[in-house]
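Chemist: sequence plus the predicted model coming up.
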Amino acid sequence: MWDGWPITRVILLFTGIALLMISLQVTLFHYRQNFRHWAMYGPVVGGPVLGLLSILLVFYNAPALRSVLLVLLYAGVVLGITGSALHINGIGQRVGGYEQSQNYLIGPPLTLPMMVAAMSILGLIALYWR
């Protein structure tokens, strides 16, 4: 089954699975915070869509699907960067702000939004690879 698969196909499969797993963790964290900010719905909805479309493209290489995924992966990068800014801001809003080292441990996770951006960039690399 894997014989003859180009690297772009394998990368898209990995990207899709990784985005689904990250989305599960994001959903748990945002649910724990009761979706206090409207932007929390972005990765909860967008992450699984990106993951499923990436996996779908691995098995059904349609030009329209490729175009839609391309646009949504760019949106995933923007979503990750925006989430990082919101998470950094969220740490600063906690008691003690940025000076309290405990806020980095129990506050919004700094790396998770960038993982969404990184996986989206990996998907874009696979789509643009020739």
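Modeler: Perfect, thanks for sending it.

Chemist: what's the spacing between Trp129 and Leu20?
Modeler: In this structure, Trp129 and Leu20 are 22 Å apart, going by CB to CB, to the nearest Å. All C-beta atoms are positioned from the backbone trio N, CA, C, and that covers glycine.

Chemist: where exactly do the helices run in this structure?
Modeler: With helices called from DSSP state H, the chain shows them at 7-32, 41-59, 63-93, 102-106, 111-128.

Chemist: comparing those by mean pLDDT, which bottoms out?
Modeler: Across those, helix 102-106 has the smallest mean pLDDT, namely a mean of 90.

Chemist: report the buried residues of it.
Modeler: Asn103 (16 or more other CB atoms under 10 Å).

Chemist: now swap in stretch 89-97 and tell me
Modeler: Neighbour-count burial for stretch 89-97 [16+ other CB under 10 Å]: 90-91.

Chemist: for it, measure first residue to last.
Modeler: 9 Å (CA to CA, to the nearest Å).

Chemist: and the residue nearest the centre of this protein?
Modeler: Centroid-nearest residue in the chain, with CA atoms, centre = their mean: Val116, separated by 2.3 Å.

Chemist: thought that residue was touching Gly47?
Modeler: Yes - counting by CB atoms under 8 Å, Val116 touches Gly47, with 6.4 Å between them.
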